[in-house]
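# prediction below, plus the sequence it came from.
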Amino acid sequence: MKKSITFMSKKFDELQRENKEIKKMLKDNEKENTNLKDRIRHLEITIDETERKKIENNIIINGIEKQDKQENTKEVVNKLMKKIYVNVEDGIHTCYRKDVHKENSPIIVELAIAKMCIRRIAQS
């Protein structure tokens, strides 16, 4: 009987120790999880800001028919801007069709210096 009680006492102590270790591991994991969630939230904000800054210098032009496979979109944009009396030729960083395989996909114009181009448009 004494052996049995001693055995049960040891097992109980062992289970308590394991339970304590598991609780510590759980607490550590919860802390790490919270830190990772905070880091993810921060990275999402950074990505959103980066994407917003990237497209804030863009103009999207719809409704321009694709001329041919070798179309020079920068030339197309410059012709369009001249027709509406806006000179942004040296302010254009790059131009491209959003989806080159689609027949009349929008033209994306990435402006080199957005504020300079906006001032020019306002002055025109």
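Perfect, thanks for sending it.
# can you show me the CA trace of stretch 31-45 as PDB?
Once non-C-alpha atoms are left out, stretch 31-45 reads as follows in PDB (Å, rounded to 0.1, in the frame of the first residue of the first chain):
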ATOM      1  CA  LYS A  31       3.200  35.800 -26.300                       C
ATOM      2  CA  GLU A  32       5.000  34.800 -29.600                       C
ATOM      3  CA  ASN A  33       1.600  34.600 -31.400                       C
ATOM      4  CA  THR A  34       0.700  38.100 -30.200                       C
ATOM      5  CA  ASN A  35       4.100  39.400 -31.300                       C
ATOM      6  CA  LEU A  36       3.700  37.800 -34.700                       C
ATOM      7  CA  LYS A  37       0.200  39.200 -35.100                       C
ATOM      8  CA  ASP A  38       1.600  42.700 -34.300                       C
ATOM      9  CA  ARG A  39       4.400  42.200 -36.800                       C
ATOM     10  CA  ILE A  40       2.000  41.000 -39.500                       C
ATOM     11  CA  ARG A  41      -0.300  44.000 -38.800                       C
ATOM     12  CA  HIS A  42       2.800  46.300 -39.100                       C
ATOM     13  CA  LEU A  43       3.900  44.700 -42.400                       C
ATOM     14  CA  GLU A  44       0.300  44.900 -43.800                       C
ATOM     15  CA  ILE A  45       0.300  48.600 -43.100                       C
END
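# which of the residues in that stretch are buried?
Buried residues in stretch 31-45, defined by neighbour count with 16 or more other C-beta atoms under 10 Å: none. The way it works is simple: take the backbone N, C-alpha and C, and place the C-beta from them, glycine included.
# same for the helix or strand containing residue 36, what does it pack against?
Assigned by DSSP states H and E, residue 36 belongs to helix 2-55. Judged by 3 or more C-beta pairs under 8 Å, 6 or more residues apart in numbering; DSSP states H and E, helix 2-55 is in contact with no other helix or strand.
# the following helix or strand past that helix: how far from the chain's middle?
Downstream of helix 2-55, the next assigned helix or strand under DSSP H and E is strand 58-61. Chain-centre distance of strand 58-61: 19 Å, with C-alpha atoms, centre = their mean, to the nearest Å.
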